[in-house]
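# what follows is a predicted structure for the sequence shown.
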Amino acid sequence: MPEIQHRQLCEESFRLLKEAALDIERFLNSTTLDALVVKSENPEQYQPYYRSYLSDLRFLLVHCEKVYENLGMCLRRAQFHEEMANEVLYQLYHTCVNNFYYPRGEVYEEDGRHSYTGSNAIVFRQEVVPELKELTLSLARTFEYLRDELQFYEADYITMKRAQEKSKATL
């Protein structure tokens with residue numbers, strides 16, 4: 001991939017991660033576990049679910065902020081360093097995108113069949129409050145775009161790194 005495309009991908013990813021992190025942070029700063037549980041029909045059932053959901057959001061926020069900072073370092077350098085950019089984009093794919101689509105608490109999942117019908121691909125394990133649903137679906141659009149743009153880093157980046165390690169070992 002040419003350097004100009006790497007830089008543009010880094011800039012777009014930087015912008016999207018910043019927005020996603022701000023949205024998550026805004027939600028977490030204005031929402032408490034108790035407030036979510038009170039809005040639910042069955043507090044005993046929803047408390048562990050919302051606790052896990054909030055934990056997953058905090059976990060995702062930390063990774064988004066970390067990768068966001070690393071992308072910022074790549075973009076602020078006087079000379080764009082392509083190898084560093086590759087590493088950061090790989091981190092973005094494997095930490096942020098994967099943590100969004102595969103939350104540790106399994107509070108939702110992606111059903112790819114929904115994407116063919118034009119409806120949302122995120123299926124919640126339990127009904128959630130509208131604010132949380134809106135946030136999650138908004139994040140899904142962001143991370144779907146990032147996933148599509150960064151699919152190269154799923155396999156090709158690992159292959160490239162292994163080839164570099166083999167060439168270093170043979171020298």
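Sure thing, it's come through.
# name the next helix or strand downstream of the helix-or-strand element of the chain with minimal mean pLDDT, please.
Using mean pLDDT, DSSP states H and E, the weakest-scoring helix or strand in the chain turns out to be helix 112-117, at a mean of 60. Per DSSP states H and E, the first helix or strand lying C-terminal to helix 112-117 is strand 122-124.
# and that following strand, how far from the chain's centre?
16 Å (Cα atoms, centre = their mean, to the nearest Å).
# tell me the helices and strands packed up against it.
strand 108-110, helix 130-149 (3 or more Cβ pairs under 8 Å, 6 or more residues apart in numbering; DSSP states H and E). The way it works is simple: take the backbone N, C-alpha and C, and place the C-beta from them, glycine included.
# give the buried residues for the last one.
Along helix 130-149, these residues count as buried under the neighbour rule (16 or more other Cβ atoms under 10 Å): 132, 135-136, 139-140, 142-144, 146-147, 149.
# what is the nearest of those to residue 19?
residue 142 (7.0 Å; Cβ to Cβ).
# that closest one and residue 104: what is the separation?
19 Å (Cβ to Cβ, to the nearest Å).
# try residue 36
According to Cβ to Cβ, residue 36 stands 18 Å off from residue 104.
# show me which of these two is the more surrounded one.
Higher neighbour count among residue 36 and residue 104: residue 36, with 21 against 11, using other Cβ atoms under 10 Å.
# what is the helix or strand that the more buried one is a member of packed up against?
Here residue 36 is covered by helix 33-38, with elements defined by DSSP H and E. Helix 33-38 makes packing contacts with helix 43-76 when contacts are defined by 3+ Cβ pairs under 8 Å, 6+ apart.
# okay, buried residues for the helix it packs on please.
46, 49-50, 52-54, 56-57, 60-61, 63-68, 70-71, 74.
# what residues of the helix holding residue 36 count as buried?
By neighbour count, with 16+ other Cβ under 10 Å as the criterion, the buried positions of helix 33-38 are 36-37.
# can I get it as PDB, trimmed to CA atoms?
Once side chains and other backbone atoms are set aside, the C-alpha atoms of helix 33-38 remain, and they are given as PDB (Å, rounded to 0.1, in the frame of the first residue of the first chain):
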ATOM      1  CA  LEU A  33     -25.100   1.100  36.900                       C
ATOM      2  CA  ASP A  34     -27.900   2.000  39.300                       C
ATOM      3  CA  ALA A  35     -29.500   4.400  36.700                       C
ATOM      4  CA  LEU A  36     -29.500   1.700  34.100                       C
ATOM      5  CA  VAL A  37     -30.900  -1.000  36.500                       C
ATOM      6  CA  VAL A  38     -33.700   1.400  37.700                       C
END
